[in-house]
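Q: Just to be clear, the model below is a prediction. Sequence and coordinates:
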Amino acid sequence: MLVNQIAVFLENRQGRLYTMLGALSDAGVNVESLNIADTKDFGIVRIITDDNAKAVAALSAAGFTTASTNLVGIEVDDVPGSLTSTLGMLNNEGVNLEYVYSYSRKGGKALILFKTDDVKRAEELLK
Amino acid sequence: MKYFNEKIETMSRDEMSALQSARLVDLVKRVYENVPYYRAKMDAAGVKPSDIKGIEDIDKLPFTTKADLRANYPFGTFAVPMSEIVRVHASSGTTGKLTVVGYTARDLDDWAESAARALVMAGCTKEDIVHVSYGYGLFTGGLGLHYGSEKLGSVTIPASAGNTMRQIALLKDFGATALACTPSYAMVIGEEIAKNGLDLSEFKLKRGIFGAEPWSDDMKREIERKLGIEAFDIYGLSEISGPGVSMSCGGDWGLHVMEDFFYPEIIDPETLRPVPDKTDGELVFTTLNKQGIPLIRYRTRDISALNHDVCSHCGRTLVRMKRVSGRTDDMLIIRGVNVFPSQIESVLMNIKEIVGSHYQIIVDRVDNLDTMEIQVELVPEVFSDEVKKIEEIRRHIEHDMMGNLGVGAKITLVSPDSLPLSMGKTVRIIDKRKQ
């Protein structure tokens, strides 16, 4: 399945994350997953919300730069080794992953999200 | 040794004026005959070489600017055939194009003489060991002091810049008595000595010859304390020749100008008219004896003042110029390298991933070394969820900056519209060194 993610540019300045989250809560957007990739000078916040269109509008209005990306999402059993075997298969097929993260949903299943430059092929392989 | 060239350095005003007059008359003839650029400029101003009978006629001549040198890049203002040129130096100009200067053998000799006189003003003799930590290369600092020191006959250590621990070992082992470098580098050396627990008594340093960037009296005292030396201010610019155009003798008013070679004037930068002695204005030089690239009334943009009184400290009659207090343009000097905001802007304008017109420059001094940060705004369309791609853009800008400015700048990406908009002469530069 494809999951839409919003990436937000965050300059390295105190209170930026707080301001960003404030813009989302003011717009009534619920954040389901939040993940920060940071460097010495800036960060990229990756979020998934209950209404990404509304979130992008609210963030743009508050002066944030955003980029929308589709990630491939797979549900795996919450037991040891289940992610390893899936990633092993993608690796053998030569699918390159830019980054991976997970978030747990209610009900014992973990959702693994990953960014790849070949979404179509990854999806086919995972069917 | 009190003077390197007593005759010139203590010459009466009348004798000096006669020498300057003879040289100016000859200079104007030479450039009119040999440099199309000067001929056109003088013709346009309606001045003929025969109108210039002495130094008092100098204000009939048109000014020369850095822009003129740029327009004639690289060798258009040279006044002798290339076969007569024996060396070329260059410094950065306003648009990334270098300002190029060429020297004949006699020019190099005059420059070495100027630097030798400067070293003697700082108390050096041929018994000294002069450690030169200015950069050697297109920059005039290293080679300028190098040949001055050789001309004087002192032992010359061509250490060049960088690798501070090795510099300190050399200073100690070779027993250097004089150090020539930028004031900020002198601070770095002083701090490293302290940090490594070395005792100043292990060194023989007595004096320092520091220049090529602005420094305060506080910094001077700090360097003197850290290195246990007396610090002297040297001034120069590559267009005129390099370090040694003027030099402090340790007296409390300014630097003596080698005015038999480099004739100084102070003008009002608005009216372009000369101002009285001891009045601030823009410093203008005419290179009276130069062959390679003679400059007539070259506007330095440096703010200074002149004082023709005989120096009570050293007895020299050479006119003194006040230590440069600022500039009439927005040039920055970063670790001895001239940087113009317009240069930075032209680099940024060529990078499509950022909003070129929005930027801010922050200059600071961290651990006594100049730092420059340039904040830029990313174009929203190129923003990506991958750190790698954003970092690539940042590194690309840093690489282009280094290539164009000749000095490194840290690029910081900031949110769109977070930088002040350009409104004519917006304050885009925050120079924390001045605070």
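A: Thanks, I have the structure now.

Q: So, low pLDDT: which residues of chain B?
A: Applying pLDDT under 70 to chain B picks out residues B:92-96, B:357, B:420-427, B:434-435.

Q: hang on, I meant chain A
A: By pLDDT under 70, the low-scoring segments of chain A are A:104-108.

Q: which bits of it sit near chain B?
A: Taking Cβ under 8 Å from any Cβ of the partner chain as the measure of proximity, chain A contacts chain B at A:5, A:7, A:9, A:11-12, A:37, A:39, A:41-42, A:44, A:46, A:63-67, A:69, A:98-99, A:115. All C-beta spots, glycine's among them, are computed from the backbone N, C-alpha and C.

Q: Buried only: go through these for me.
A: Judged by neighbour count, with 16 or more other Cβ atoms under 10 Å in any protein chain shown as the criterion, the buried members of those are A:5, A:7, A:9, A:11, A:37, A:41-42, A:44, A:46, A:64-67, A:69, A:98-99, A:115.

Q: Which parts of the chain are helices?
A: In the absence of a named chain, chain A is used. Chain-ordered helices for chain A, with DSSP state H as the definition, fall at A:16-26, A:52-61, A:82-92, A:119-126.

Q: wait, I meant chain B there
A: Going by DSSP H, chain B shows helices at B:6-9, B:13-34, B:36-45, B:66-71, B:105-121, B:140-152, B:164-174, B:183-195, B:217-227, B:341-349, B:387-405.

Q: contacting residues for the nearest residue to B:I374 once chain neighbours are set aside?
A: Spatial nearest neighbour of B:I374, chain neighbours left out: B:A409 (5.1 Å); criterion: Cβ to Cβ, 6 or more residues apart in numbering or on different chains. The contact partners of B:A409, by Cβ atoms under 8 Å, 6 or more residues apart in numbering or on different chains, come to B:344, B:372-374, B:398, B:401-402.

Q: Give me the phi and psi for B:A409.
A: Its backbone dihedrals place B:A409 at phi -130, psi 140, with angles given as degrees, to the nearest 10.

Q: So in terms of bridging, what pairs with B:L332?
A: Counting by DSSP bridges, B:L332 forms beta bridges with B:V339.

Q: For A:L10, see how far away the spatially closest residue to A:I44 that is not a sequence neighbour is.
A: Distance criterion Cβ to Cβ, 6+ apart; nearest residue to A:I44, sequence neighbours excluded, is A:A37 at 4.7 Å. Going from A:A37 to A:L10 by Cβ to Cβ, to the nearest Å gives 10 Å.

Q: And for the residue of chain A found nearest chain B, nearest residue in space, chain neighbours not counted?
A: Nearest residue of chain A to chain B: A:A7, at 3.3 Å (Cβ to the nearest Cβ). Once its chain neighbours are removed from consideration, A:A7 has its nearest residue in B:D385; the separation is 3.3 Å (Cβ to Cβ, 6+ apart).

Q: Output the set of residues of the stretch 251-400 of chain B in proximity to chain A.
A: Proximity of the stretch 251-400 of chain B to chain A (Cβ under 8 Å from any Cβ) is limited to residues B:378, B:380, B:383-388, B:390-391, B:394.

Q: Buried subset of those as a ChimeraX selection?
A: Entered in ChimeraX, the line below selects the buried ones among those, by 16+ other Cβ under 10 Å:
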select /B:378,383,384,385,386,387,390,394
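
Q: now the residues of the stretch 251-400 of chain B next to chain A in a markdown table, with distance to B:D57?
A: Rendered in a markdown table, the data for those read as follows (distance: Cβ to Cβ, whole Å):
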| residue | distance to B:D57 |
| --- | --- |
| B:L378 | 57 |
| B:P380 | 61 |
| B:F383 | 62 |
| B:S384 | 65 |
| B:D385 | 70 |
| B:E386 | 68 |
| B:V387 | 66 |
| B:K388 | 65 |
| B:I390 | 61 |
| B:E391 | 60 |
| B:R394 | 55 |
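
Q: Of the residues of the stretch 251-400 of chain B next to chain A, just say which sits nearest to chain A.
A: So of these, ranked by how close each gets to chain A (Cβ to the nearest Cβ), first place is B:D385, at 3.3 Å.

Q: Tell me if I'm right that the closest one and A:A67 touch.
A: Yes - because the distance of 5.5 Å satisfies Cβ atoms under 8 Å, B:D385 is recorded as touching A:A67.

Q: Name the residues contacting each of the two.
A: Counting by Cβ under 8 Å, 6+ apart, the common neighbours of B:D385 and A:A67 are A:A7.

Q: hmm, back to that, format the helices of chain A as TSV; extra columns: mean neighbour count.
A: Putting these into TSV (neighbours: other Cβ atoms under 10 Å in any protein chain shown) gives the following:
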stretch	mean neighbour count
helix A:16-26	15
helix A:52-61	17
helix A:82-92	13
helix A:119-126	14
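
Q: partners of the nearest residue to A:L2 once chain neighbours are set aside in the sheet?
A: Nearest-residue entry for A:L2: A:N70, 4.7 Å, with adjacent residues in sequence omitted and distances by Cβ to Cβ, 6+ apart. Following DSSP bridges, A:N70 is listed with bridge partners A:N4.

Q: tell me the contacts of A:N70?
A: Applying Cβ under 8 Å, 6+ apart as the definition, the contact partners of A:N70 turn out to be A:2-5, A:119.

Q: Turn those residues into TSV, including distance to B:R335.
A: Written out in TSV, the entries for the contacts of A:N70 read as follows (distance: Cβ to Cβ, whole Å):
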residue	distance to B:R335
A:L2	51
A:V3	49
A:N4	48
A:Q5	43
A:V119	48
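
Q: for those residues, which one is nearest B:A45?
A: Proximity of the contacts of A:N70 to B:A45 was ranked by Cβ to Cβ; the top entry is A:Q5 with 67.7 Å.

Q: dump the residue contacts of that closest one.
A: By Cβ under 8 Å, 6+ apart, the residues touching A:Q5 are A:46-48, A:52, A:68-71, A:113, B:385.

Q: any idea which of those residues is closest to B:G315?
A: When those are compared for distance to B:G315 (Cβ to Cβ), B:D385 comes out closest, at 72.1 Å.

Q: how close does the closest one sit to A:L10?
A: In this structure, B:D385 and A:L10 are separated by 12 Å, where distance is defined by Cβ to Cβ.

Q: Could you give the number of residues near the closest residue in space to B:I52 that isn't next to it in sequence?
A: Nearest residue to B:I52, sequence neighbours excluded (Cβ to Cβ, 6+ apart): B:V28, at 4.6 Å. Around B:V28 sit 25 other residues, with neighbours defined as other Cβ atoms under 10 Å in any protein chain shown.

Q: what sits against B:V28?
A: If a contact means Cβ under 8 Å, 6+ apart, then B:V28 has B:42, B:49, B:52, B:61, B:296 as its contacts.

Q: Over to B:A115?
A: B:144-145, B:147-149, B:151, B:242-244.

Q: now that we have those, which one has the most neighbours?
A: Of all the contacts of B:A115, the most densely surrounded is B:L145 (33 neighbours; neighbours counted as other Cβ under 10 Å).

Q: Report how many residues lie close to the nearest residue to it once chain neighbours are set aside.
A: If the residues on either side of it in the chain are set aside, B:L145 comes closest to B:A180, at 4.4 Å by Cβ to Cβ, 6+ apart. With neighbours defined by other Cβ under 10 Å, the count for B:A180 comes to 36.

Q: Could you chop chain A up by domain?
A: Following automatic domain parsing, one finds the domains of chain A at A:2-69, A:70-126.

Q: Serialize those to JSON lines and add fields for distance to B:H313.
A: Shown next, in JSON lines, are these (distance: least, Cβ to Cβ, whole Å):
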{"stretch": "domain A:2-69", "distance to B:H313": "50"}
{"stretch": "domain A:70-126", "distance to B:H313": "68"}
